Structure formats: structure tokens, C-alpha cells
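Visitor: Pasted the sequence and its predicted model underneath.
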Amino acid sequence: MRAELRLLLSLRVLPPRVAGFYVRARRRASRDGDRFSLDSAARPQELAELLALAAGRRAVVELGTGTAWSTIALALADPARRVISYDPELRPEREAYLDLAGAAVRERIELRGEPDTAGPHAGDPPVELLFIDSLHEREPAAAAFRAWQGALAAGAVVVFHDYGHPAYPGVAQAVSDLGLDGRRSGGQFVWRAPAR
Ligand SMILES: C[S@@+](CC[C@H](N)C(=O)[O-])C[C@H]1O[C@@H](n2cnc3c(N)ncnc32)[C@H](O)[C@@H]1O
């Protein structure tokens with residue numbers, strides 16, 4: 001009961017539709033013993049920061065779908081947004097969460113079973129927000145950014161998840177190697193592409 005209350009309080013930072021999804025997703029994950037989702041999905045505070053940065057940005061690419069909680073949150077937060085998400089590992093648990101989100105949200109999400117370095121497909125729109133939450137080691141994290149740099153819209157925002165996390169020093173090393181001049185926002189690093 002106390003844990004449930006703590007969870008509800010932590011979700012206050014999220015837009016109501018996203019918070020509602022997180023409550024249902026967490027209940028489902030607990031019931032099904034889906035530890036991967038409970039442990040790996042972006043935490044509410046970081047998600048709230050990500051969604052604030054995404055405001056007004058309709059063409060979103062996520063690297064590292066996992067079980068699609070953050071994918072769904074990004075789509076739920078703006079009915080005009082389309083989210084393309086990359087992950088070579090097709091996790092079957094994700095279907096239950098996509099069902100929870102509903103068909104109208106599902107049709108604005110495209111899941112690609114490809115690695116983060118695959119880059120855009122022909123005809124994809126310029127990326128207005130790139131969320132990097134795939135491999136957290138130095139070289140792969142830098143390679144993911146490089147694969148997408150040319151696909152960014154003017155003024156696009158790039159968010160590196162788990163920046164400064166003691167378990168993932170590679171993220172901060174990658175940001176440093178890339179020479180990105182951005183800012184830390186909680187557990188994430190935010191960089192803006194030039195407005196051109
Ligand atoms: C931390 S989880 C993503 C969590 C998800 N973004 C969320 O908040 O709900 C990291 C994911 O990156 C995926 N991954 C691993 N290597 C990858 C690669 N080369 N390209 C894209 N995704 C990758 C893993 O399979 C895993 O599902």
C-alpha cells in the first residue's frame with residue numbers, strides 16, 4: 001500500500017494521460033513478473049523532463065525501445081506526434097503495453113527491429129527530438145549519435161539518457177568524445193542542434 005502511494009506520488013510530475021498509462025503498465029508488469037520493464041523503463045522524473053523537452057516536436061526518434069514505455073509516453077503526450085523507435089531485440093512483453101495504450105496511439109508509433117546505428121529510412125522526416133537510450137557504453141553511444149546527426153532538423157533536441165549514472169560512465173564519455181556543448185538535466189544530457 002505504501003509502495004503504491006509512493007508510486008502515485010512519483011507520477012504527479014507526468015501529464016495525466018501518461019501517468020495513467022504508467023499506473024496501468026506498472027500494475028501489469030508486477031502482475032506478470034516483468035522485471036525488465038520495472039527496472040529499465042525511464043523513471044517518472046526523467047520522463048517528465050523528456051516530455052517537456054519534446055513539447056511541440058512532432059517527429060521523434062527513440063533509440064532503445066525496450067518494452068516501449070517511453071515510446072508510448074512520447075506518443076501519448078502529443079496527439080500530433082509520430083514516434084519511430086529502434087531496438088534489434090524484439091521483446092514480446094511490449095505488445096501488452098501497446099495494447100494498453102490503445103489503437104489510436106499505436107498507429108502513431110513505428111517500431112523498427114534495427115540497431116541504433118541503422119539511421120533513418122528514405123522518406124523519414126527530419127528528426128525534431130532524438131532520445132538515445134540504447135547501448136550505454138562509450139563507443140556505441142557515440143556511434144548512435146553520429147548515425148543520426150545528419151538526420152536532425154534545425155534546432156533539434158538530442159537527449160542522452162542515464163548521463164552521470166554511476167553504472168553507465170560510457171554515456172558521459174561519449175558526450176565528451178563528441179564534444180557536445182549542452183547541459184545536464186537531471187539524469188540526462190541535452191544538446192540542441194544549431195538553428196542554422
Ligand atoms: C534501457 S532499455 C530502453 C528503455 C526504454 N527506452 C524505456 O524507457 O521504456 C535499452 C534498450 O536498448 C536496446 N538496445 C541494445 N542495443 C541496441 C542497439 N544497438 N540499438 C538499439 N537498441 C538497442 C536493448 O535491447 C534494450 O531494450
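Guide: Here it is on my side, so go on.

Visitor: Run a quick neighbour tally on Tyr22.
Guide: If you count neighbours by other CB atoms under 10 Å, Tyr22 ends up with 22. C-beta coordinates here come from the backbone N, C-alpha and C atoms, glycine included.

Visitor: meant to ask about His136
Guide: Residues lying near His136 (other CB under 10 Å) number 20.

Visitor: same check, this time on Ser37
Guide: Counted by other CB under 10 Å, the residues lying close to Ser37 total 22.

Visitor: who touches Phe145 in this structure?
Guide: By CB atoms under 8 Å, 6 or more residues apart in numbering, the contact list for Phe145 reads 130, 132, 158, 160, 174, 178, 180.

Visitor: And the worst-scoring helix or strand of the chain on mean pLDDT, how far out from the chain middle?
Guide: Ranking every helix and strand in the chain by mean pLDDT, DSSP states H and E puts helix 2-10 at the bottom, with a mean of 81. How far helix 2-10 lies from its chain's middle: 23 Å, per CA atoms, centre = their mean, to the nearest Å.

Visitor: Show the subsequent helix or strand relative to that helix.
Guide: Beyond helix 2-10 on the C-terminal side, the first helix or strand identified by DSSP states H and E is helix 16-32.

Visitor: Correct me if wrong, but Val190 is in a helix.
Guide: No: counting by DSSP: H, G, I helix; E, B strand; the rest coil, Val190 is not found in a helix; it is strand.

Visitor: re the thing from before, who wins for neighbours among the contacts of Phe145?
Guide: Phe160 (29 neighbours).

Visitor: I figured that one hits Val171, correct?
Guide: Yes: judged on CB atoms under 8 Å, Phe160 makes contact with Val171 at a distance of 5.4 Å.

Visitor: Name the residues contacting each of those two.
Guide: Both Phe160 and Val171 are in contact with 141, 189, where contact means CB under 8 Å, 6+ apart.

Visitor: From the contacts of Phe145, which land in strands?
Guide: 130, 132, 158, 160 (DSSP state E).

Visitor: check contacts around the first one.
Guide: Think Leu130. Counted by CB under 8 Å, 6+ apart, Leu130 has contacts 60-63, 145, 148, 152, 156-159.

Visitor: Taking these, tell me the two that lie furthest apart.
Guide: Looking at those by CB to CB, the two members farthest from one another are Val60 and Phe145, with 15.6 Å of separation.

Visitor: out of the contacts of Leu130, who's nearest the ligand?
Guide: In terms of CB to the nearest ligand atom, no member of these lies closer to the ligand than Leu63, at 5.2 Å.

Visitor: what's the nearest residue to that closest one if we skip its chain neighbours?
Guide: Of all residues not flanking Leu63 in the chain, Asp116 sits nearest, at 3.8 Å (CB to CB, 6 or more residues apart in numbering).
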